[in-house]
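S.K.: Provide a 3D model corresponding to the input given below.
(chains A and B)
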2 protein chains.
Amino acid sequence: MKIAGVIAEYNPFHNGHRYQIEQIKKELSDAPLIVAMSGNFLQRGEPACFDKWTRAGEALQNGADLVVEVPVAACMQPADRFAFGGVNALSSLGVTDLFFGAEHAEYDFKKYAELVADVHGDFKKYDQSYAASFQQAIAQKIGHSVDQPNDLLALSYAKQSLLMKDELELHPVQRIQAGYHDTTFGDNSKIASATAIRTSVASGARSQIDRVVPEATANDLKKSPFVSWNDFWPDLHYLLLSQSVNSLGKIYGMAEGIEYRLKDCAQKMPYDATFDEWIKLVKNKRFTYTRLSRLACSCLLGIKSDEIEAYNDNPYVRVLGFNERGRDVLHLAKKRDEIDIFAKVGQDDRKKRLELDYRAGKIYQLKNGCEQDLKRAPLRFY
Amino acid sequence: MKIAGVIAEYNPFHNGHRYQIEQIKKELSDAPLIVAMSGNFLQRGEPACFDKWTRAGEALQNGADLVVEVPVAACMQPADRFAFGGVNALSSLGVTDLFFGAEHAEYDFKKYAELVADVHGDFKKYDQSYAASFQQAIAQKIGHSVDQPNDLLALSYAKQSLLMKDELELHPVQRIQAGYHDTTFGDNSKIASATAIRTSVASGARSQIDRVVPEATANDLKKSPFVSWNDFWPDLHYLLLSQSVNSLGKIYGMAEGIEYRLKDCAQKMPYDATFDEWIKLVKNKRFTYTRLSRLACSCLLGIKSDEIEAYNDNPYVRVLGFNERGRDVLHLAKKRDEIDIFAKVGQDDRKKRLELDYRAGKIYQLKNGCEQDLKRAPLRFY
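M.R.: Take a look at the predicted model:
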């Protein structure tokens, strides 16, 4: 039996995501579709615009059959480790075919993955970021550069797939019309990047959004709180002022004494500064904006290395929602018993295995007011 | 040479404080008056309504000759230790006569202090607070209870005075008209408690305030941000959600596992709860509202025991402002060289000896927007 899988953020779910699901359904018409989705904090280092339940609902209303949450511990790790979280979850749940967007769908990602399986960047080139050094190293192996965001993530998925017991069949889906970082809408296009949509909401210019998102998202935009770093910056600013550099140094991902710079720049910011102003002050040749944003998320959530290791040693997924087809997939997955699947967060879970997810949910809840974990049952679409 | 001293909060400075200063000037007409004032966080466990500069300015415009700040490390300690911070500062600066408000000015505080010098409460009576147990113990020694807030603080000052090299002469000043905890104004009275004034500002009913405060305070009420726990509660709420009980357990004053209860109650609060709702949920027989508020301040400021010990071992004061008479007192005090006096916070101080005060200032600044320490010179009223 074929089962399709996608690793997604859906921040928020838009017509480009819907197009991708349509392509999957065309290619594997009978296969159920499992989505492994980031929860309330995303791998790019930002809070999700809508909480995980809202975004899972959007996906289920647009063709997904089962949506599981990739734990926050996976999302706060660099791309390769995030890919492990997503690919391992999907594979353990029975996925046979992995679909992913790519700027260059013609690339042979499987071959590339074999070529760069052992390639790492050079941490010691102090005049550039690790990401830049890593890209140089893979360009050497492959013969040309791979530097577009979706292509790079696709390569990480392909590398992880090689490590799975049952290797996944890879299906790059050509990204159309909107670039990943585009901040504006094309004329008359029905597809825009999630970045463009968020920018548009933030600026209050919502009039054109309905044409680039499905109905479910359009409804959520009318009724759900739309969250951004601006909402969490006062908390992070306060945290950076109140914690010692020693405490900050213990946060997962902190390196090279960057905690001194994070705190120092926070002390220099006026009380009404923004997250963006702070991070631009912190940024230097070694630390990219994205790496710093992710580090900022780890600070905000107080993530320690041992919490990341505990997840890596013993990964799990959380069920956010399903329809009848998804429920069947879930039953099969439980029989396979390759990964721990949580359908609810009990009192014991929230204090032990799911403590970090529960904490992240409570912190997210400060901004949108909705309990994220305790007593929340998966969404059912049937 | 006689020098008068007062330990004060001035939260804010009102006609009752002015009355007290007038009594001092009547009694010791030629003596300069030094005020040892709490900074931006007060011993009762709350942020000051106006920052320390604003409140020092009010005192200087109403008869104080020199205002020094009692470091935040002293203010976050229980009454006896706070009294050490204030009395030691004044004594070291040359004060000979200590004035303080009391509900019972007729009490012989010096004699009482001698009687209870070695009295402590019983920490092991688990069905009551330490404060209650302490009051019972002193009532036994003295022969009647001493349980009014100003009387109790006065007793702490008197105990500290006994320990000074040059014992201070004690001058209780009868508190008139308004009780410490009064939340409303008396009819036509020109004196109201600071609590009543703050309650009135918080509720937006400012019309009657001008009659109970001097002009300086009335002006500040028009132009300065008025800060309360409501402003800081979102930060504290976030902190309690994001920090582990292990981290919270290292905060100064944490005892008996109360950190579990602090965190647990924070998790139960809705996102739009208030500080008061949270603390009422935490409160039990062992932990009074005031003790919990002070602990909450220590959490907010991230105070560790070693920071308190460093201050206790090596106290200091910060100069907030003076007039010509105050300047002369300061010159004499520098010659006496009994305590370190900081007139400015330099780059080195903010990272070492004054790190906690600087941190507290930065956190306070988040709410009123005014830099509190770096590059701030003492106010000069001449």
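S.K.: can you report how many residues lie near A:Ala218?
M.R.: A:Ala218 has 16 neighbouring residues, counting by other Cβ atoms under 10 Å in any protein chain shown. Yep, even glycine has a C-beta here, placed from its N, CA and C like the rest.
S.K.: excluding its backbone neighbours, what's nearest A:Asp328?
M.R.: Take A:Asp328 and drop its neighbours on the chain: the residue closest to it by Cβ to Cβ, 6 or more residues apart in numbering or on different chains is A:Pro32, 7.3 Å away.
S.K.: my guess is the one you found contacts A:Gly63, does it?
M.R.: No. Using Cβ atoms under 8 Å, A:Pro32 and A:Gly63 do not qualify as a contacting pair, with a distance of 10.4 Å.
S.K.: higher neighbour count, these two?
M.R.: A:Pro32 (25 against 17).
S.K.: tell me the spacing between the more buried one and A:Ala89.
M.R.: From A:Pro32 over to A:Ala89 the distance is 15 Å, taken as Cβ to Cβ, to the nearest Å.
S.K.: likewise for A:Gln77?
M.R.: Counting by Cβ to Cβ - A:Gln77 and A:Ala89 are separated by 14 Å.
S.K.: who's more crowded, those two?
M.R.: A:Ala89 (27 against 22).
S.K.: which pLDDT does the model give that one?
M.R.: At A:Ala89, the pLDDT value in this model is 97.
S.K.: secondary structure element for it?
M.R.: Secondary-structure element containing A:Ala89, defined by DSSP states H and E: helix A:79-92.
S.K.: list the buried residues in that helix.
M.R.: Of the residues in helix A:79-92, A:79-92 count as buried by neighbour count, 16 or more other Cβ atoms under 10 Å in any protein chain shown.
S.K.: helices or strands next to that helix in the packing?
M.R.: Contacting helix A:79-92 under the criterion 3 or more Cβ pairs under 8 Å, 6 or more residues apart in numbering or on different chains; DSSP states H and E are the following elements: strand A:4-8, strand A:33-38, strand A:66-70, helix A:72-75, helix A:149-163, helix A:305-313.
S.K.: which is the next helix or strand following the fifth one?
M.R.: Remark: after helix A:149-163, the chain's next helix or strand is strand A:169-174, criterion DSSP H and E.
S.K.: and that following strand, which strands flank it?
M.R.: With DSSP bridges as the test, strand A:169-174 is paired with strand A:97-102 (parallel).
S.K.: quick check: mean pLDDT of the partner strand?
M.R.: Mean predicted lDDT for strand A:97-102 stands at 96.
S.K.: can I get the CA coordinates of it in CSV?
M.R.: Listed in CSV are the C-alpha atoms of strand A:97-102, where the atom choice follows Å, rounded to 0.1, in the frame of the first residue of the first chain:
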residue,chain,number,x,y,z
ASP,A,97,6.4,8.3,-1.0
LEU,A,98,7.8,11.6,0.2
PHE,A,99,6.7,14.8,-1.7
PHE,A,100,8.4,18.1,-1.2
GLY,A,101,8.5,21.4,-3.0
ALA,A,102,11.7,22.4,-4.8
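S.K.: distance between the helix or strand following it and the chain's centre?
M.R.: Scanning forward in sequence from strand A:97-102 by DSSP H and E, the next helix or strand is helix A:109-116. Relative to its chain's centre, helix A:109-116 lies at 23 Å (Cα atoms, centre = their mean, to the nearest Å).
S.K.: what's in contact with helix A:109-116?
M.R.: Under the contact criterion Cβ atoms under 8 Å, 6 or more residues apart in numbering or on different chains, helix A:109-116 has outside partners A:102, A:137-138, A:141-142, A:146, A:154-155, A:157-159, A:161-162, A:170, A:172.
S.K.: need the buried ones from those residues selected in ChimeraX.
M.R.: The ChimeraX command for the buried members of those (criterion: 16+ other Cβ under 10 Å) is given here:
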select /A:102,138,142,146,154,155,157,158,159,161,170,172
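S.K.: out of the contacts of helix A:109-116, the closest to A:Gln372 would be?
M.R.: Set against A:Gln372, the nearest of the contacts of helix A:109-116 by Cβ to Cβ is A:Tyr157 (26.8 Å).
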